[in-house]
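K.L.:
Pasting the sequence and the predicted coordinates here, then a few questions.
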Amino acid sequence: MWPEIALESDLNFHIQGASMNRTSRFLTSAIVFTALAVSLVPRLAAAETFDVYPTDDLFGVINGTAPGDEVIVHEGTYSTQQDGGSWLCEVVLAGTEAAPIAVRAADGETVVLSGDPAGSQNVVNLSGTWFTWSGFEMVYGSHGLRMYPSSHATIENLHVHDTGDVGISANAPGADYAQITLRRNHVHHTGGTGECFYLGCNDAACAVHESIVELNWCHDTIGTEQGDGIEVKTGSYNVIVRHNVIHDVNYPGITMYGTNGEAQNTVEGNVVWNTNDNGIQLVGDAIVRNNLVMNAGANGISSNPSQGNVPRELDITYNTVVGAGDSCLRGNQWNGAESDSILVAGNALYCGATTAIRLPDGSGAATFADNAVQGVDEAPGGTFPAGTPEDDLLDPGGMDLYPTAGSSLLEMGDAADAPAEDFNCLPRETGAPDVGAYERSADANPGWVVQPGFKECASTDGDADTDTDTDTDTDADTDVDTDADSDTDSDADAGSTGSADGGCGCASIGTAPAGALLRALFSATL
């Protein structure tokens, strides 16, 4: 990869170090270093593209990247085990805004990164700035991918499965995660605590902020200890969770804690079905809109205090919930001093066999408006009777919750409370919008019909971007995690580094690769 430099043959130096005085040793060293620099500068200055095949040292190449480089990995299975037997594999990608680093699977090729089947280490520990990690199938290990301090990072198009613990995590205590994008990743059949995505730490011991989690597909965590779909922990803020498909999970499909007074998080355009717990579980400090929830084991949408945060600054608007073991919408301890910052508006809540809205402690000063309800209603007002799901929705049994021509939801909302777009990412009526997650504009659903797989947004601009700005009990009381943000790894995932090796080729965290150092050193001279 790099030109070999034989000092004796190419530079004709015969160093007799023992017989040289201090001055001659210094001069000789300077000459050698200068010659080395001159010989390497043309090669090291420019960004490069590296094609890697199964016989190559994949992680050695990755950890040798410099700003602007791209690593394209070709089809095959790449083990993360080192020559000495350890499965610890750490990757550091130090890109810049002007020259980000990209590490990706080759287009149309299956590239498998295989960790320890016994789960002794995460498949990959990843950190850095201004980078993309894309296209890999990641199997076994403890966490599939565990991120350490990172910013301006995009993790996309991964297939993570059969892990010993979490699928994808950003939960290293003390770490800061800024402007992270997790997009179009498929995570399933996790183990241990089993979350598909675990973002942030308990009690704000680390935080994710100004970040986006979108268009992912998470399923089949039911056999795990916990198994949330997407979990965003206390103190993480301004995180947008949108257009994700989550089903057949053990804990809530989406779990969102408080922000400790920072900017609200957003939960938008997601679909969740078949949970053993709540569909969407919140504390407060969140905007929750245009979501679909079906067949939740406990509550469709639930809010309650946790980890020092209380329900506040909470907007639950224009969601559709069909079927829940306890209630479609539940608010615990909504009678606090800040309950006047809670808004529940324009939701379609079908829980005819249970409760549409449950408020065990009363509603306090929360505002309710234009909610369609079927089932017991404990709201102080702001509701109207919905029809049956079969009358109001195209095919509830087939998970098509788009309104029918005679639906009770049509034109019953208020544009002042309604999102600009609906679940399909299509514009809402600016006068009297339809209640629930959809705005009816045609006889047939004009967007993606819910099914296992990735959601497709029907936005007129062709993408999913609506705004880039950035417990198994039925009382939904606290749900404090028992994993305490740590994985099951026995040795090094909390920060020890191991050594460089000839197997995985992983450099120690915090150690710049030699190639990157040299390029950085000489780039200013060009």
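P.N.:
Yes, it's here.

K.L.:
The closest residue to residue 272 other than its chain neighbours and residue 333, how far apart?
P.N.:
Nearest non-adjacent residue to residue 272, counting by Cβ to Cβ, 6 or more residues apart in numbering: residue 253, 3.3 Å away. Where C-beta positions appear, they are placed from N, C-alpha and C, glycine not excepted. Distance of residue 253 to residue 333, computed by Cβ to Cβ, to the nearest Å: 22 Å.

K.L.:
Between these two, which has more neighbouring residues?
P.N.:
For residue 253 versus residue 333, the count of surrounding residues by other Cβ atoms under 10 Å is larger for residue 253: 32 against 17.

K.L.:
what's the pLDDT at that one?
P.N.:
What the model reports as pLDDT for residue 253 is 98.

K.L.:
residues contacting it?
P.N.:
By Cβ atoms under 8 Å, 6 or more residues apart in numbering, the contact list for residue 253 reads 218, 228-230, 246-247, 270, 272-273, 275, 278-280, 293, 296.

K.L.:
try residue 324
P.N.:
Residue 324 makes contact with 279, 293, 295-300, 351, 354 under the criterion Cβ under 8 Å, 6+ apart.

K.L.:
Please tabulate those residues in a markdown table and include pLDDT and distance to residue 65 as additional columns.
P.N.:
Formatted as a markdown table, the contacts of residue 324 follow (pLDDT from 0 to 100; distance: Cβ to Cβ, whole Å):
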| residue | pLDDT | distance to residue 65 |
| --- | --- | --- |
| 279 | 98 | 41 |
| 293 | 98 | 42 |
| 295 | 98 | 46 |
| 296 | 98 | 44 |
| 297 | 98 | 45 |
| 298 | 98 | 46 |
| 299 | 98 | 47 |
| 300 | 98 | 46 |
| 351 | 98 | 53 |
| 354 | 97 | 54 |
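
K.L.:
Check the gap between residue 155 and residue 138 for me.
P.N.:
Distance of residue 155 to residue 138, computed by Cβ to Cβ: 11 Å.

K.L.:
Residues that sit against both of those two, list them.
P.N.:
By Cβ under 8 Å, 6+ apart, residue 155 and residue 138 have these common neighbours: residue 145.

K.L.:
and the end-to-end length of stretch 101-113?
P.N.:
For stretch 101-113, the separation between the terminal residues is 19 Å (Cα to Cα, to the nearest Å).

K.L.:
Show me what that stretch is in contact with.
P.N.:
Stretch 101-113 is contacted from outside by 51, 62, 65-78, 80, 91, 93-95, 123-124, 128, 130-139, 157, using Cβ under 8 Å, 6+ apart.

K.L.:
Now the buried members of these.
P.N.:
Buried members of the contacts of stretch 101-113, scored by 16 or more other Cβ atoms under 10 Å, are 62, 65-73, 78, 80, 91, 93-95, 123-124, 128, 130-139, 157.

K.L.:
mind listing which of those are in helices?
P.N.:
Using DSSP state H, the subset of the buried ones among the contacts of stretch 101-113 located in helices is residue 62.

K.L.:
per-domain residue ranges of this protein.
P.N.:
According to automatic domain parsing, the chain is divided into the following domains: 1-44, 47-165+489-526, 223-486.

K.L.:
residue boundaries of the strands in the stretch 51-200 of the chain?
P.N.:
In the stretch 51-200 of the chain, the segments counted as strands under DSSP state E, counting those that start in this stretch are 70-73, 76-79, 90-94, 101-105, 111-114, 124-134, 137-139, 145-156, 159-161, 168-170, 176-183, 186-188, 197-199.

K.L.:
Show the backbone phi and psi for the residue nearest to residue 272.
P.N.:
Reported as degrees, to the nearest 10, the phi and psi values for residue 253 are phi -60, psi -40.

K.L.:
Could you list the low-pLDDT ranges of the stretch 201-350 of the chain?
P.N.:
By pLDDT under 70, the stretch 201-350 of the chain contains no weakly predicted segment.

K.L.:
again with the chain
P.N.:
In the predicted model of the chain, residues 1-45, 459-526 satisfy pLDDT under 70.

K.L.:
can you map out the helices along it?
P.N.:
Counting by DSSP H, the chain has these helices, from start to end: 7-11, 22-44, 58-62, 389-392, 514-523.

K.L.:
My guess is residue 229 contacts residue 248. True?
P.N.:
No. Counting by Cβ atoms under 8 Å, residue 229 sits too far from residue 248 to count as a contact (9.6 Å).

K.L.:
more neighbours, the two?
P.N.:
Each of residue 229 and residue 248 has its neighbours counted (other Cβ under 10 Å); residue 229 has more, 32 against 19.

K.L.:
show me what contacts that one?
P.N.:
195-197, 218, 221, 244, 246, 249, 251-255, 272, 275.

K.L.:
could you redo the last one with a cut-off of 7 Å?
P.N.:
For residue 229, the contact set (Cβ atoms under 7 Å, 6 or more residues apart in numbering) comprises 196, 218, 246, 249, 253-254, 272.

K.L.:
can you redo the residues you listed as CSV with distance to residue 111?
P.N.:
CSV is the format used below for the contacts of residue 229 (distance: Cβ to Cβ, whole Å):
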residue, distance to residue 111
196, 21
218, 21
246, 26
249, 27
253, 29
254, 30
272, 30
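
K.L.:
Which of those fall in strands?
P.N.:
Among these, DSSP state E puts 218, 246, 249, 254, 272 in strands.

K.L.:
Neighbour-wise, which one of those residues leads?
P.N.:
In terms of neighbours by other Cβ under 10 Å, the ones in strands among the contacts of residue 229 top out with residue 249 at 32 neighbours.

K.L.:
That one and residue 105, how far apart?
P.N.:
In terms of Cβ to Cβ, residue 249 sits 27 Å off from residue 105.

K.L.:
before we move on, what about residue 379?
P.N.:
Taken as Cβ to Cβ, the span from residue 379 to residue 105 is 50 Å.

K.L.:
Same question for residue 240.
P.N.:
From residue 240 across to residue 105, the span is 26 Å (Cβ to Cβ).

K.L.:
So which bits of stretch 46-57 are buried?
P.N.:
48, 50, 52, 56-57.

K.L.:
Can I get that stretch as PDB, trimmed to CA atoms?
P.N.:
Provided in PDB are the C-alpha atoms of stretch 46-57 (Å, rounded to 0.1, in the frame of the first residue of the first chain):
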ATOM      1  CA  ALA A  46      -4.100  13.500  -1.500                       C
ATOM      2  CA  ALA A  47      -7.200  11.600  -0.400                       C
ATOM      3  CA  GLU A  48      -7.200   8.000  -1.600                       C
ATOM      4  CA  THR A  49      -9.700   5.200  -2.300                       C
ATOM      5  CA  PHE A  50      -8.800   1.800  -1.000                       C
ATOM      6  CA  ASP A  51     -10.400  -1.400  -2.400                       C
ATOM      7  CA  VAL A  52     -10.200  -4.200   0.200                       C
ATOM      8  CA  TYR A  53     -10.700  -7.900  -0.300                       C
ATOM      9  CA  PRO A  54     -11.000 -10.800   2.100                       C
ATOM     10  CA  THR A  55      -7.200 -11.600   1.900                       C
ATOM     11  CA  ASP A  56      -6.300  -8.000   2.900                       C
ATOM     12  CA  ASP A  57      -6.000  -6.500   6.400                       C
END
